[in-house]
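K.L.:
give the three-dimensional model of this entry:
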Amino acid sequence: MDEVFRPYLLCSENIGKSDEDFLKKIFTLVKLPPFSALSSCVASHADMLFFADAGRLLTHRGYIEENRSLFAKSKLIDKMTAIDESASEKYPNDILLSGLFLSGRLYGRTDKLSRSLTEMCSEHVFVRQGYARCSVCKLKENAIITADKGIASAARDNGVDVLQISEGNILLEGCSYGFIGGASFTCSDTVFFFGRIEDHPDFEKMSAFAKKHSVKLVSTSDSPLHDIGGAVIYE
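P.N.:
Prediction:
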């Protein structure tokens, strides 16, 4: 019998055991070690380390070199493209890959994103929130959930349906709180959450919003909702 193909799921090595056990039944997990150039609270976050586009995995050159054996073992190294700019833990030098694409537009601190991202499309939407990808749970190209007022306003101005939720209520080790984008990832018509999304105070609103857009919300464990930098899917 042929082995069932499971898409690669790149996520932080800090993923909870219960979340990992749930997801490895669906995906081939690649647990990401920290990148020495980034601050400890985000150093292993997929949404800071990778951007998937058109069969490529954009990432930091130094990160490839630090983890060449890991990526060679997972057979992903040939799919990786190094960006030219160097990252550091000082903001905004850490947000090179934290751009958000919605309906052909690039949102983020577009003046600080890697040129490899900004060259992908001609229409850029500047927002003050540098951690744009981390801050947004993207249900579809035209539907997002976020607590960030600036992103919510900019997205609405460009025809995106936005559910704005309250800040906080998401754990992030080393920080006051995490973001909804870093606590989730979307695959097809399902949004997976690291921890129990049902415990979020705005869950009923999110559930109704997801139903409106024919999307399912799935918790991957009974742990508190936590931001581990989302995940990057590579098929």
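K.L.:
check what pLDDT residue 1 gets.
P.N.:
Residue 1 is assigned 37 on the pLDDT scale.
K.L.:
gap between the residue lying closest to residue 11 once chain neighbours are set aside and residue 26?
P.N.:
Sequence neighbours aside, residue 231 is the residue nearest to residue 11 in space, at 4.2 Å (criterion: C-beta to C-beta, 6 or more residues apart in numbering). From N, CA and C alone the C-beta is placed, and that goes for glycine too. Using C-beta to C-beta, to the nearest Å, we find residue 231 at a distance of 11 Å from residue 26.
K.L.:
shared neighbours, these two?
P.N.:
Listed as contacting both residue 231 and residue 26 by C-beta atoms under 8 Å, 6 or more residues apart in numbering are residue 9.
K.L.:
for the two, indicate the residue with more neighbours.
P.N.:
Between residue 231 and residue 26, residue 231 has the larger neighbour count (other C-beta atoms under 10 Å), namely 27 against 15.
K.L.:
from what I can see the more buried one touches residue 19, true?
P.N.:
No. Residue 231 lies out of contact with residue 19 (C-beta atoms under 8 Å); the separation is 10.1 Å.
K.L.:
which residues belonging to stretch 111-119 are considered buried?
P.N.:
Counting neighbours by 16 or more other C-beta atoms under 10 Å, one finds that the buried residues in stretch 111-119 are 112, 113, 114, 116, 117, 118.
K.L.:
could I get those in CSV, plus columns for distance to residue 215, secondary structure and pLDDT?
P.N.:
Listed next are the buried residues of stretch 111-119 as CSV, based on distance: C-beta to C-beta, whole Å; DSSP: H, G, I helix; E, B strand; the rest coil; pLDDT from 0 to 100:
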residue, distance to residue 215, secondary structure, pLDDT
112, 31, coil, 97
113, 27, coil, 97
114, 29, coil, 97
116, 29, helix, 95
117, 25, helix, 94
118, 29, helix, 95
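K.L.:
pick out the most distant pair among those.
P.N.:
112 and 116 (13.1 Å; C-beta to C-beta).
K.L.:
show me the shaky parts of the protein.
P.N.:
For the chain, the stretches with pLDDT under 70 are 1-4.
K.L.:
all helices of it, in order?
P.N.:
17-23, 46-49, 61-66, 68-73, 115-118, 149-157, 203-212 (DSSP state H).
K.L.:
and those helices: which comes nearest residue 95?
P.N.:
Residue 95 sits nearest to helix 46-49 of all the helices of the chain, at 7.6 Å, using C-beta to C-beta.
K.L.:
ok, and what's touching the closest one?
P.N.:
10-12, 32, 35, 38, 42, 59-60, 63, 94-95, 97-98, 133-134, 181-182, 229-232.
K.L.:
same thing but 7 Å
P.N.:
With contact meaning C-beta atoms under 7 Å, 6 or more residues apart in numbering, helix 46-49 is reached by 10-12, 32, 35, 38, 42, 59-60, 63, 94, 97-98, 133-134, 181-182, 229-232.
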